Structures are given as structure tokens and as C-alpha cells.
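Undergrad: Sequence and predicted structure below; questions after.
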Amino acid sequence: MTLIPTKTEESISQAPLSHSQTNRRQSHPIPILSNKVVNVASVPQRSPLRYPGGKTWLVPQIRKWLAKLDPRPELFIEPFAGGGIASLTAVMDGYVDRALLCDRDPELSNLWRCILNDTDRLAQQVESFSPTPDNVRAVFDDDNTSDFESAFRTLLRNRVNRGGIIAKGASTMNKGENGNGLASRWYAKTLATRIRTIGSYAKHFEYVRGDGIDLVERYQDRQSAVFFIDPPYTAAGKRAGKRLYTFNEIDHESLFERVSAVKAPFMMTYDENDEVIDMALRRGFHLSRVAMKNSHHTVMYELLITSQKLSP
Ligand SMILES: C[S@@+](CC[C@H](N)C(=O)[O-])C[C@H]1O[C@@H](n2cnc3c(N)ncnc32)[C@H](O)[C@@H]1O
């Protein structure tokens with residue numbers, strides 16, 4: 001199933017806070033769910049992608065939330081899937097039977113389809129590839145357009161480009177980790193194992209390319225589902241964020257409107273921002289904050305917006 005994007009993209013309005021917004025925020029202090037920054041090394045790394053804005057660090061909170069859902073949901077829906085760590089965790093840890101992943105990026109979507117449907121071939125290609133600068137350049141410059149070759153190229157770009165960025169204009173890292181160059185991000189055996197493990201669960205995953213807001217609308221009445229919604233969010237002044245994804249702007253107001261019609265539990269994640277808080281409070285959603293480290297290693301808070309109140 002392929003969802004064809006239909007929405008006109010708009011960026012979120014960044015108007016200054018009105019008096020009523022300020023008052024609302026003062027009368028609704030947002031509880032801190034966790035002040036402890038998660039060490040991602042303590043979380044099972046199941047995705048072969050090192051995805052910008054990836055939520056591996058949020059996995060402990062996602063698990064806690066899923067474990068408490070009663071009745072147990074059958075279907076995990078991730079409309080802005082990126083590296084898919086939330087869906088992989090939900091299925092492989094047995095919190096749900098199936099996951100439906102969606103992303104608008106065609107190259108990423110092609111890679112996910114290849115991981116799920118051409119698992120062994122991709123794993124073998126990963127194992128046999130030697131990431132010398134010449135070999136990497138040859139793959140990047142190869143205009144072979146088969147889905148398989150392009151999936152491998154996307155995976156390679158994700159691994160060796162700065163910040164895991166696959167969008168056009170991303171640069172390739174030079175020194176890599178501890179000066180080990182491109183190979184420092186190409187753990188062939190580990191990546192091949194992750195791909196094969198995902199392949200062994202393939203019948204539990206469905207991947208669609210399309211618009212996340214349309215997907216929310218399509219499944220809004222499904223009570224036996226659960227939604228994890230992590231949209232691209234580039235607030236005013238955060239120009240760098242715009243380079244992270246090929247598709248990086250959505251109509252957040254209309255996403256919130258769609259989510260308010262959802263019958264199943266949901267969790268949305270956002271940078272802490274007054275406009276976002278306002279959109280959530282206006283719809284009676286629950287807010288909490290979780291400590292995290294950004295890419296510059298500064299500790300900050302991420303907003304969790306949920307259908308039900310979360311407890312620490
Ligand atoms: C913040 S990232 C998701 C990261 C993911 N949660 C993870 O852990 O890797 C947002 C994703 O939304 C995708 N995206 C952007 N616009 C979209 C749209 N309209 N519909 C679906 N996906 C979209 C981007 O391609 C990007 O992969």
C-alpha cells in the first residue's frame with residue numbers, strides 16, 4: 001500500500017505568545033517525567049540506521065508507556081518512522097503484534113522495503129563491502145537505479161555522512177570516531193545482524209511511503225492500535241534542522257487536529273516550544289518533559305504529548 005501525499009506543506013507559525021497562551025502555560029506547569037539522561041549504550045540498538053532526531057534515548061519511556069496500556073494494543077503505528085527504533089522495540093519486545101511504519105522520504109522508504117523484503121541480499125552486501133574512501137565514492141557516484149543498489153547507497157550514506165543525514169547536501173565525515181575514518185561507522189557484522197534480525201520479524205511489519213498526517217486520519221478509529229508520532233520539527237531560528245530530512249516541514253496544527261480524533265492511545269514527541277505546548281493544551285492533551293542530550297551534548301527537555309497522563 002502506498003499513500004500518496006496530498007497535504008500542502010506549511011511551516012508552523014512562530015508568532016509571539018499571546019496573553020492567553022502565557023496565562024495558560026503558567027497555570028499548567030509541565031511535570032518532569034525523568035531528569036536522568038539515558039545512556040543510549042544501555043538500550044538495545046535494533047535499527048541499522050543512525051537517524052537524525054532518532055529516539056533510541058526515549059526507548060525506556062516508550063517501553064514504560066507501552067507496558068502500562070490496558071488493553072494491550074495489537075498494532076503500533078509510527079507515521080514519521082525515520083530509523084524506526086520505536087516500532088522495532090514495540091514489536092521485538094512483544095508489546096504489540098504488528099507495527100505499521102510510514103515515512104515520506106522515498107529513499108528511506110525504499111531502504112526499509114529492502115530490509116524487510118530483500119533481507120539476506122542486503123545483509124550480504126553489507127558484509128562484503130569495504131568502506132574505503134574510493135569504494136564509498138564509487139557507490140555514491142554510481143547512477144545504477146535499481147531499488148537494491150539505491151537502498152544500499154542510502155544505508156551507506158546514512159552510516160558515513162555527518163549526523164546520519166541522507167538528505168541532499170549532506171557531507172561525508174572525514175575523521176570518523178577516534179580518527180578511524182569512514183570505517184568507524186560501518187560495523188559490517190553488527191549491521192548485517194540487525195538487518196537479518198529485522199528480516200526474521202518481517203511479517204510483523206508493514207511499511208508504507210506517504211504522508212504521516214494522512215496515515216493518522218486513515219487509522220483514527222482503530223481502537224486496538226497505539227500511535228507513536230515523532231514529526232520533523234524545525235522551530236524558528238533552527239535553520240540547521242531543515243537540513244536533516246528531505247521533507248522537513250509539515251502543518252503541525254493540522255497534525256494536532258487529526259490526532260485529536262484518534263481513538264487509540266498516542267504519544268507525540270516535540271522539542272519544548274511554547275507554540276507546541278499551546279496546540280496541545282488547546283486540545284486537552286497531557287504534557288510531560290523528559291531530559292535528553294542534544295547533538296551538542298547540552299542537556300535539555302523533550303516534550304511528550306500523550307492521550308493519557310504519564311506517571312514517572
Ligand atoms: C524526527 S524524524 C523521525 C525519527 C524517528 N522517530 C527515529 O527514531 O528515527 C521525522 C521523520 O519524518 C519524515 N517526514 C517528514 N515529513 C513527513 C510527512 N509529511 N509524512 C511522513 N513522514 C514525514 C522525515 O523524513 C523523517 O524521517
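TA: Thanks, I have it. Residues are numbered from 1 along each chain as shown.

Undergrad: from memory G212 sits against I77, does it?
TA: No - counting by C-beta atoms under 8 Å, G212 sits too far from I77 to count as a contact (9.5 Å). Bear in mind the C-beta positions are built from the backbone N, C-alpha and C, glycine included.

Undergrad: Need the overlap of contacts for those two.
TA: Shared contacts of G212 and I77 (C-beta atoms under 8 Å, 6 or more residues apart in numbering): C102.

Undergrad: Which positions in the stretch 151-300 of the chain make contact with the ligand?
TA: D211, G212, D230, P231, P232, Y245, F247, I250 (C-beta under 6 Å from any ligand atom).

Undergrad: so what's the residue of the chain found nearest the ligand scoring on pLDDT?
TA: Residue nearest to the ligand within the chain: G82 (2.8 Å; C-beta to the nearest ligand atom). We have a pLDDT of 96 for G82.

Undergrad: So for it, what's the nearest residue that isn't a sequence neighbour?
TA: Y51 (4.6 Å; C-beta to C-beta, 6 or more residues apart in numbering).

Undergrad: Tell me how many other residues crowd that neighbour.
TA: 22 (other C-beta atoms under 10 Å).

Undergrad: With N117 instead?
TA: 14.

Undergrad: residues contacting it?
TA: A202.

Undergrad: Please, which helix or strand holds R194?
TA: Using DSSP states H and E, R194 sits in helix 188-200.

Undergrad: next structured bit after that helix?
TA: With elements assigned by DSSP H and E, the helix or strand that comes after helix 188-200 is strand 205-209.

Undergrad: Adjacent strands (with direction) for that next one?
TA: Strand 205-209 has the following strand partners under DSSP bridges: strand 98-103 (parallel).

Undergrad: contact partners of the strand it pairs with?
TA: 3, 74-82, 84, 87-88, 90-91, 109, 112, 204-212, 215, 219.

Undergrad: mind redoing it with 6 Å?
TA: 75-79, 81, 84, 87, 90-91, 109, 204-208, 210, 212, 215 (C-beta atoms under 6 Å, 6 or more residues apart in numbering).

Undergrad: how about the helices in this protein?
TA: 19-27, 59-68, 85-92, 106-117, 119-128, 133-141, 147-160, 188-200, 212-218, 252-259, 274-282 (DSSP state H).

Undergrad: which other helices and strands contact the second one?
TA: When contacts are defined as 3 or more C-beta pairs under 6 Å, 6 or more residues apart in numbering; DSSP states H and E, helix 59-68 packs onto no helix or strand at all.

Undergrad: Please save the CA atoms from it in PDB.
TA: The C-alpha trace of helix 59-68 is given here as PDB (Å, rounded to 0.1, in the frame of the first residue of the first chain):
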ATOM      1  CA  VAL A  59      13.100   3.800  24.400                       C
ATOM      2  CA  PRO A  60      13.000   3.400  28.200                       C
ATOM      3  CA  GLN A  61      10.000   5.800  28.400                       C
ATOM      4  CA  ILE A  62       8.300   4.200  25.400                       C
ATOM      5  CA  ARG A  63       8.600   0.800  27.000                       C
ATOM      6  CA  LYS A  64       7.100   2.000  30.300                       C
ATOM      7  CA  TRP A  65       4.300   3.600  28.500                       C
ATOM      8  CA  LEU A  66       3.500   0.600  26.300                       C
ATOM      9  CA  ALA A  67       3.800  -1.800  29.300                       C
ATOM     10  CA  LYS A  68       1.000   0.100  31.100                       C
END
